[in-house]
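K.L.:
sequence first, predicted coordinates after that:
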Amino acid sequence: QKEVEQNSGPLSVPEGAIASLNCTYSDRGSQSFFWYRQYSGKSPELIMFIYSNGDKEDGRFTAQLNKASQYVSLLIRDSQPSDSATYLCAVKGSGYSTLTFGKGTMLLVSP
Amino acid sequence: DTAVSQTPKYLVTQMGNDKSIKCEQNLGHDTMYWYKQDSKKFLKIMFSYNNKELIINETVPNRFSPKSPDKAHLNLHINSLELGDSAVYFCASSPMVQETQYFGPGTRLLVL
């Protein structure tokens, strides 16, 4: 059974701070890693994906992957109230495997 | 210029009824998916089709039957609806099986 674990939160940070969201996964053969953001009542939207160990930056977002530790994280710099949402970590194995989603971490950014 | 669309957006029905949800994507993607998101917000894959062929069928009751008339459409028919079927159903698509998925707006199903 492939599992993706996230702290459900809420994670509360003040505006302008760095928010750090973490995710661990059980399938060592996993190859692709995604972060989705889901506002309440809306559909998940892709923020970033990462395939290789290390950091990947896109604007205020940085994804970090450590396959040896089976750990992937998302950093949000200069957090804004509009970043308040649930962040879903998703992991994909090889071949025709599906995305396995974590239960999401709720982020609250206070003005 | 909607990418992935679903109809209806809301569906309220009685136990035992049969209902269908439709999904269309205009992204030219080869692969489409159905997900269920329950009240605890856990998003779980139900089915996946690649070029109209079923490639993934997770442990889903036989009451759920997907149909893909062409690459751009993936419909979900549910027979004999039960209270536990109440959830948000999301359709998604991706260029190929291994690539990034894009989600539709969801269909909120409430079974009374």
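P.N.:
All right, it came through fine. Numbers count the residues shown, from 1 in each chain, chains lettered A, B, ... in the order given.
K.L.:
are we agreed that A:Ser8 is in a strand?
P.N.:
No: assessed by DSSP: H, G, I helix; E, B strand; the rest coil, A:Ser8 does not belong to a strand; its assignment is coil.
K.L.:
residues contacting it?
P.N.:
For A:Ser8, the contact set (Cβ atoms under 8 Å, 6 or more residues apart in numbering or on different chains) comprises A:103-106. C-beta: built from backbone N, CA, C; applies to glycine.
K.L.:
ok, it to A:Ala85 distance?
P.N.:
Remark: distance between A:Ser8 and A:Ala85 (Cβ to Cβ, to the nearest Å) = 14 Å.
K.L.:
what is in contact with the two at once?
P.N.:
What both A:Ser8 and A:Ala85 touch, as defined by Cβ under 8 Å, 6+ apart, is the set A:Met106.
K.L.:
how about the contacts of A:Ser8 in a markdown table, adding neighbour count?
P.N.:
A markdown table is the format used below for the contacts of A:Ser8 (neighbours: other Cβ atoms under 10 Å in any protein chain shown):
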| residue | neighbour count |
| --- | --- |
| A:Lys103 | 16 |
| A:Gly104 | 26 |
| A:Thr105 | 22 |
| A:Met106 | 19 |
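K.L.:
and for the nearest residue to A:Pro14 once chain neighbours are set aside, the neighbour number?
P.N.:
Leaving aside its chain neighbours, A:Pro14 sits nearest to A:Ser110 (5.6 Å; criterion: Cβ to Cβ, 6 or more residues apart in numbering or on different chains). Look at A:Ser110: counted by other Cβ atoms under 10 Å in any protein chain shown, it has 11 neighbours.
K.L.:
then B:Ser80?
P.N.:
When counting by other Cβ under 10 Å, one arrives at 12 neighbours for B:Ser80.
K.L.:
got the residues of chain A near chain B?
P.N.:
Counting by Cβ under 8 Å from any Cβ of the partner chain, the positions of chain A adjacent to chain B are A:32, A:34, A:38, A:42-46, A:49, A:86, A:88, A:92, A:95-96, A:98-101, A:103-104.
K.L.:
sort out for me which of those residues are in helices.
P.N.:
Secondary structure assignment by DSSP state H places none of the residues of chain A next to chain B in helices.
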